[in-house]
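Undergrad: Following is a predicted model, sequence given first.
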Amino acid sequence: MKILFLYHNELALKLADLLRDKQNQVILWKDKIDIEKLKEIAPDKIISYTYRYIIKKEVIDFMPTSILNLHISYLPWNRGANPNFWSFIENTPKGVTIHEIDAKLDRGKILLQKKLEFDKEKETFSTTYQKLNQEIIGLFEENREALLKDKIQGKTALESGSYHSVADFTEYTKNNKVDWNIIIAEYKRSLKR
C-alpha cells in the first residue's frame, strides 16, 4: 500500500516509521497538497498527523478511500489549532481522536477516541502533549489494519464542541505568555483576565 503521510511536526515521524513495512511504502509530505501532486503520487491511503494545512475538497473527493486524521483532542472539543492548550484553558474533555477528513475542519466521522485525565497540579503543557501523542500513536497501532482498510464504522461528530484558530492562540497569549514547561495549574493561576 502506498501511504501519503501528511505531517508538520517531527514527532509525527514515529508513526510514519511504524507504518513502513514490506506491505507499505510511506511518502512523507510537509507542504500543502494539491490535486496535481496527489495525482502524481497516486496514494492508496492518506494519513494526516500534525499537518498544518486544510485539505481541499477536491483532494478529499479524489481519494477512493477515507483520509485519516489523528487529532490530539477529544472531538468535538478543541477542533483546530493548539487543542491540548485549549482543553486546559477551557476545562474541556482531554483525549485523542482518529477521524475521517471531510470538507469541514475536524468534523469528519469519528473512528476511534480515547479520553484521558491529567493532574494539572503536576503536569505541564509539554508533558501532556507528549502523553497525548504517545496515546494516539498507540491507538492507531492497536487498530492499524482496520484503519488502513477502512473497516471501522465511524460515527458522526457532534455539532457542539469548540474550535480555535492559530490567531485565537496568538491573541490569547499576547497577555498570557506560555511557558510550555510550567505546571498547568500555576499557569492558570497566573492568567490575566
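TA: Received the coordinates, thanks.
Undergrad: Wait, Leu68 touches Thr97, no?
TA: No. Between Leu68 and Thr97 there is no contact under CB atoms under 8 Å: 10.7 Å. For the C-beta atoms, the positions are set from N, CA and C on the backbone; glycine is no exception.
Undergrad: Same drill for these two, tell me which one is more crowded.
TA: A side-by-side neighbour count of Leu68 and Thr97, using other CB atoms under 10 Å, places Thr97 first with 27 against 24.
Undergrad: State the helix or strand in which the residue lying closest to the more buried one once chain neighbours are set aside lies.
TA: Distance criterion CB to CB, 6 or more residues apart in numbering; nearest residue to Thr97, sequence neighbours excluded, is Leu75 at 4.3 Å. Using DSSP states H and E, Leu75 falls within no helix or strand.
Undergrad: check contacts around Leu75.
TA: 97, 99, 106, 110, 113, 157, 161 (CB atoms under 8 Å, 6 or more residues apart in numbering).
Undergrad: same question for the longest helix that the chain contains, mean pLDDT?
TA: Longest helix of the chain, by residue count under DSSP state H: helix 125-142. Average pLDDT, helix 125-142: 97.
Undergrad: Contacts for that helix, please.
TA: Residues outside helix 125-142 that contact it (CB under 8 Å, 6+ apart) are 11, 14-15, 18, 49, 70-72, 84-85, 88, 94-96, 98, 112, 114, 116, 118, 147, 178, 180-182, 184, 187.
Undergrad: repeat that for 7 Å
TA: Contact with helix 125-142 is made by 11, 14-15, 18, 70, 72, 84-85, 96, 98, 112, 114, 116, 118, 147, 178, 180-181, 184, as judged by CB atoms under 7 Å, 6 or more residues apart in numbering.
Undergrad: from the residues you listed, which ones fall inside strands?
TA: Using DSSP state E, 70, 96, 98, 112, 114, 116 are the members of the contacts of helix 125-142 that sit in strands.
Undergrad: Can you select the buried ones among the residues you listed for me in PyMOL?
TA: With 16 or more other CB atoms under 10 Å as the criterion, this PyMOL line picks the buried residues out of the ones in strands among the contacts of helix 125-142:
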select buried, resi 70+96+98+112+114
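Undergrad: May I see the ones in strands among the contacts of helix 125-142 organised as CSV, with pLDDT and distance to Trp29 added?
TA: Converted to CSV, the ones in strands among the contacts of helix 125-142 look like this (pLDDT from 0 to 100; distance: CB to CB, whole Å):
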residue, pLDDT, distance to Trp29
Leu70, 97, 15
Val96, 98, 22
Ile98, 97, 19
Leu112, 98, 23
Lys114, 98, 26
Leu116, 98, 29
